[in-house]
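# Below: sequence and its predicted model.
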Amino acid sequence: GGSLRAGVTENPVLLTRSVASGETRVTMGGAPVTVWPGGGITVMADVTRLPRNAFGSVPTPAIVAPIEFTLPRDLYARLGGHDGDVVAMTDMLREIGPAARIDPWNPGHPWPAADVAGGPA
């Protein structure tokens, strides 16, 4: 929804357009998704490809799902991304310590940055 997109960038419309054009890849728990056409970011994923216990819930009621946006850092800044809040993965893991949940990569999933502008092939 809009609040998700606003949490990623200050201009949610630019993020939506970037996803629609293929500049930004969307995944869920590392699993590939199909992006549906329309005005927002609507995706479909095979939930059997997500890590075990990937979904949560909150009292709103709402389901909480792992969703990732992969895009080059310069594009993130141009979309109005919260660039000042970017934290290196190594720093984050050092802060969380042994409580971090690290699942192995599913070799059946495409690498998130593959085929994204500026990402590895």
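Thanks, I have the structure now. Numbering: from 1, shown residues only.

# State which helix of the protein is the longest.
helix 12-21 (DSSP state H).

# what residues does the helix or strand containing V43 touch?
V43 is part of strand 42-45, with elements assigned from DSSP states H and E. Judged by C-beta atoms under 8 Å, 6 or more residues apart in numbering, the contacts made with strand 42-45 from elsewhere in the structure are V26, M28, A31, P32, V33, T34, V35, W36, I67. In this view, the C-beta of every residue, glycine as well, is placed from N, C-alpha and C.

# Just the buried ones from the residues you listed, in PyMOL syntax?
Buried residues among these (16 or more other C-beta atoms under 10 Å), as a PyMOL selection:
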select buried, resi 26+28+31+32+33
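
# For the contacts of strand 42-45, name the two members farthest from one another.
Distances among the contacts of strand 42-45 were taken as C-beta to C-beta; the most separated pair is A31 and W36, at 15.9 Å.

# low pLDDT regions in the protein?
1-3, 115-121 (pLDDT under 70).

# Spatially central residue in it, please.
E68 (1.0 Å; C-alpha atoms, centre = their mean).

# which residues touch the spatially closest residue to T27 that is not a sequence neighbour?
Among residues not flanking T27 along the chain, E68 sits closest, at 4.8 Å (C-beta to C-beta, 6 or more residues apart in numbering). Residues in contact with E68 (C-beta under 8 Å, 6+ apart) are V26, T27, M28, G29, G30, P112.

# Of all the residues in the strand holding V43, which ones are buried?
Buried residues in strand 42-45 (16+ other C-beta under 10 Å): V43, A45.

# I'd like the next helix or strand past it.
Downstream of strand 42-45 (by DSSP H and E), the next one is strand 56-58.

# Understood, closing this out.
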